[in-house]
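S.K.: okay, here's the prediction I keep looking at, along with the sequence it came from:
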Amino acid sequence: MLAKLFTYSLLGINAEPIEVEVDISPGAMPKTILVGLAEAAVRESTHRIERALVNSGYNRPIDRIVINLSPADLPKDAASFDLPIALGMLTASGQLQSERFDEYAAVGELALDGVIRPVKGVLSMAIAARAQGKRGLLVPVENAQEAAVVGEIEAIPVGSLAEAVGFYSDRLDVQPTQFSWERALSELAKYEIDYQDVKGQELAKRAVTVAAAGSHHLLMLGSPGTGKTLLASRLPTILPQLSPEESLETTQIYSAVGRLNAGESLMMTRPFRAPHHTISEAGLVGGGSTPSPGEISLAHNGILFLDELPEFNRRTLEVLRQPLEDGNVTISRAMGSITFPASLMMVAALNPCPCGYRGDPRRQCKCNPLQIERYLGKISGPLLDRVDIHLEVPSVPFRELSDMAPGTGSGDMRQQVEAAREIQGARFREYRIKTNGKMAPRQIRKFCRLDSDAETLLKTAMEEMGLSARAHDKILRVSRTVADLDRSDKITALHLSEAINYRTLDRNYWA
């Protein structure tokens, strides 16, 4: 007897529809055959499924069982096929009859006692089910809220194989899980940190506000203990609230790699990723025989923080250049190419020298010029050219550290950022970009025109600092953001002067 059910398999961060066919031949030599390019996790599932059937009170078919996962040329590497295969075996052996297999797909991993365990990528599977026109999707109870986010399909929570059988046989009424955007917003859109925690550094907070307002990449240079990590870690708190589309995109990535926190059905805060400097290229951009997202995709719509930048492998850093420009990363394998989103703000921090105290008025630097040159030479010029804002973070004097009065907080900074982003949203309504940091040369020429005083100032700065053409465009982008924060239609010499000050490291350290 032949049974057909539907499920889904992850390919990157997206889900592909899979048809599960189970055929049982009575009287043939007892054997279970699994075909359809199944990887180890799927091949081993037959043993789990057989014991789950018996321990749930059903009969294990003692015949030849052929299980086909179609399409046969798509690699399948997940335990989420357990539930549909078990249901197919029960149907093919005559222990289950259902008219719901065409309307409801199923995903879930089975324990030996028949309990259904959570799986990765349920959000992507629910999106695929909606696109396929399914009425609903049976999911583990722990994944129900995640699937319910999609809407337009029923997310049916089942905790055991017996419950799934009861639903398909129409003997058990299982109500679909409901999702509330307002409730998720009130419960999950919260940050436990604030820029009020950072003592002093008001000028650095201003630069961070400019970077956030225009989505500009930021590099901070300063001695150890000046607050570079504190400044970077609080950047998500001043970025605008994730839109529903951004929240869904980000959640889809984290769901596909199993990184969603317990009870978190939808990501409502912007991600902050801070990989260690020993990370590999595959860990940063993604990889594997079946490619999975790396740190730059996990930072999509958020912040990628690279602390101790010169300590990273130079070859690893070089793979960042294309994603920073394009906002995505493509990984090619023999099976094909997969593109992951990587629209992010990169924030980097480094010391001015190996010992960290070059230029510190309170400590003496012990590094010789050759050591400093080797240390800073680990970072390529083309990568630095892609950083819009260079910021020197000085030591905080005791007077500011001991001051109990609160400094500028995230709330005030976020208001400025949101106001500037609204201006940019109106400006780029006809374009595919949303922020000044993504402007192409044609848009720079259109939106960053200078008056005669500002043009003279920029010419002088270019000649004295020896800036590249890319640095020229970076200054114009940043000055446009500074003007937006000032709610000014024109870029004045004052706005341009502030933007030029954010490029002084070109002359002081990299020249």
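M.R.: All right, it came through fine. On a predicted model such as this, the values are computed, not experimentally measured, just so you know.
S.K.: residue ranges of the helices in the stretch 101-250 of the chain, please?
M.R.: Chain-ordered helices for the stretch 101-250 of the chain, with DSSP state H, counting those that start in this stretch as the definition, fall at 122-132, 144-148, 161-168, 181-188, 202-214, 228-233, 244-256.
S.K.: state the mean pLDDT of the second one.
M.R.: Spelled out, it's helix 144-148. For helix 144-148, the mean per-residue pLDDT is 94.
S.K.: which residues touch it?
M.R.: If you take CB atoms under 8 Å, 6 or more residues apart in numbering as the criterion, helix 144-148 is touched by 122-123, 125-126, 137, 139, 153, 155-157, 176-179, 251, 255, 260, 265-266. Any C-beta I mention is one placed from the backbone N, CA and C, and that applies to glycine too.
S.K.: starting at the chain centroid, how far to it?
M.R.: Helix 144-148 sits 19 Å away from the centroid of its parent chain (CA atoms, centre = their mean, to the nearest Å).
S.K.: using CSV, list the CA coordinates for it.
M.R.: Presented in CSV, the C-alpha positions along helix 144-148 are these (Å, rounded to 0.1, in the frame of the first residue of the first chain):
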residue,chain,number,x,y,z
ALA,A,144,4.2,26.6,17.2
GLN,A,145,4.6,30.3,17.9
GLU,A,146,7.4,30.5,15.4
ALA,A,147,5.2,29.0,12.7
ALA,A,148,2.2,31.1,13.7
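S.K.: list the buried residues in it.
M.R.: Within helix 144-148, the residues that qualify as buried by neighbour count (16 or more other CB atoms under 10 Å) are Ala144, Gln145, Glu146, Ala147, Ala148.
S.K.: Tyr195: neighbour count?
M.R.: 25 (other CB atoms under 10 Å).
S.K.: equivalent analysis for the one 3 residues further on, please.
M.R.: For Val198, the neighbour count with other CB under 10 Å is 22.
S.K.: next one: Leu90
M.R.: When neighbours are counted by other CB under 10 Å, Leu90 comes out with 25.
S.K.: my guess is it contacts Leu96. True?
M.R.: Yes. Under the criterion of CB atoms under 8 Å, Leu90 makes contact with Leu96 at 4.0 Å.
S.K.: show me what contacts Ala105?
M.R.: By CB under 8 Å, 6+ apart, the residues touching Ala105 are 5-8, 17, 84, 125, 129, 132, 134, 136-138.
S.K.: which among these end up buried?
M.R.: In the contacts of Ala105, burial by neighbour count holds for Leu5, Phe6, Thr7, Tyr8, Pro17, Pro84, Met125, Ala129, Lys134, Gly136, Leu137, Leu138, counting by 16+ other CB under 10 Å.
S.K.: so what's the third one bridging to?
M.R.: Think Thr7. On the basis of DSSP bridges, Thr7 is bridged to Ile18.
S.K.: so it is in contact with Val107, correct?
M.R.: Yes. Under the criterion of CB under 8 Å, Thr7 is in contact with Val107, at a separation of 5.5 Å.
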